[in-house]
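Participant: Below are the sequence and a predicted model for it; my questions follow.
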Amino acid sequence: MARAIIIKTRRNKSRAGETEILALVNHPMETGRRKNKKTKKKIPAHYITKLNIELNGKLVASCNLGAAVSKRPLVGISVAGAKSGDKVKVSWRDNKNESGSLTGAVA
Amino acid sequence: MKTMKRRTFLKGTVASGVIVAAAGAGLLRPTEVLASSYPKGAFGVKGLESTLKNLFGTSSHTKSSKIKFVNPTIQAENSKVVPVTVSVGMKTDSIAILVVKNPGAMAASVDLSGAAKGYFRTKLKMGKTSDVYAVVKSGGRLYSNKIKIKVTVGGCGG
């Protein structure tokens, strides 16, 4: 099942002259500790482990996520000198070896 | 004499061609070549010190006021979605966010390179009220700062 990815870029309000790149993946991020209330069985862990962000084909951030990151995880980084139209690629992989990627552009 | 030269020239081109092909094969999947491996051993470990040891190989860290939490949450209204933003005023190689009292302290980390600056934003789940640490690796040394985020289980904020 393809999981939707959203890429957003904007001026970083807290850091002058930098661009904030936000990536959001529609992923359940199951910790493996929750129980199904009806069957009383544990819901198996299912979470993103690795999320990479590339800018113009160059890796700028390699995130290691754990089960403690919220559902529909959001990851934001800040880059210097990004121009409008620069290519942003987000790719992720989870503990069940599912993966996905999306390419967007700096707004 | 001329033919010899041509032969050596051809040999040279064939050899360099092989190198180019090898580099090309590597370039086909740049993320897998460049990205650091997933620090599996750092996740699911209790406490700050042992997690840092598993993640960075050392647990000695200095408190730094250059590490700032942007718009920090003091009272989390929803413990399953606690926004945390870290902004670092120095050269940054990696940032790790740890929730000390979670079953596994390690929440997330990021390795930065190229144009990326010392900034990391994410949303966390928190089991209960806890100190949240931001640990920054800069020039081979570790720096940290923390905030306390309150979690009210099943209650209203305040």
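Facilitator: Perfect, thanks for sending it. Residues are numbered from 1 along each chain as shown, chains lettered A, B, ... in the order given.
Participant: Would you mind listing the buried residues in stretch B:100-120?
Facilitator: For stretch B:100-120, a neighbour-count test (16 or more other CB atoms under 10 Å in any protein chain shown) marks B:100, B:102, B:104-112, B:115-120 as buried. Quick note: C-beta positions are derived from backbone N, CA and C, even for glycine.
Participant: residues in contact with A:Arg10?
Facilitator: A:Arg10 makes contact with A:19-20, A:22, A:107 under the criterion CB atoms under 8 Å, 6 or more residues apart in numbering or on different chains.
Participant: Bridge partners for it, pull those for me.
Facilitator: A:Glu20 (DSSP bridges).
Participant: how about the strands of chain A, start to end?
Facilitator: A:5-11, A:18-25, A:48-55, A:58-65, A:74-80, A:87-94, A:99-105 (DSSP state E).
Participant: Reformat these as JSON lines; add distance to B:Thr92.
Facilitator: Output for the strands of chain A, formatted as JSON lines (distance: least, CB to CB, whole Å):
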{"stretch": "strand A:5-11", "distance to B:Thr92": "20"}
{"stretch": "strand A:18-25", "distance to B:Thr92": "13"}
{"stretch": "strand A:48-55", "distance to B:Thr92": "15"}
{"stretch": "strand A:58-65", "distance to B:Thr92": "11"}
{"stretch": "strand A:74-80", "distance to B:Thr92": "10"}
{"stretch": "strand A:87-94", "distance to B:Thr92": "20"}
{"stretch": "strand A:99-105", "distance to B:Thr92": "24"}
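Participant: Now mean pLDDT too, for these, in JSON lines please.
Facilitator: Shown next, in JSON lines, are the strands of chain A (pLDDT from 0 to 100):
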{"stretch": "strand A:5-11", "mean pLDDT": "95"}
{"stretch": "strand A:18-25", "mean pLDDT": "96"}
{"stretch": "strand A:48-55", "mean pLDDT": "96"}
{"stretch": "strand A:58-65", "mean pLDDT": "96"}
{"stretch": "strand A:74-80", "mean pLDDT": "96"}
{"stretch": "strand A:87-94", "mean pLDDT": "96"}
{"stretch": "strand A:99-105", "mean pLDDT": "95"}
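Participant: before we move on, the earlier item: closest one to A:Val60 out of the contacts of A:Arg10, please.
Facilitator: Each of these was scored against A:Val60 by CB to CB, and A:Thr19 proved nearest at 10.9 Å.
Participant: from what I can see the closest one touches A:Ala82, true?
Facilitator: Yes: with contact defined as CB atoms under 8 Å, A:Thr19 reaches A:Ala82; the gap is 4.2 Å.
Participant: what is in contact with the two at once?
Facilitator: Joint contacts of A:Thr19 and A:Ala82 (CB under 8 Å, 6+ apart) are A:9, A:106.
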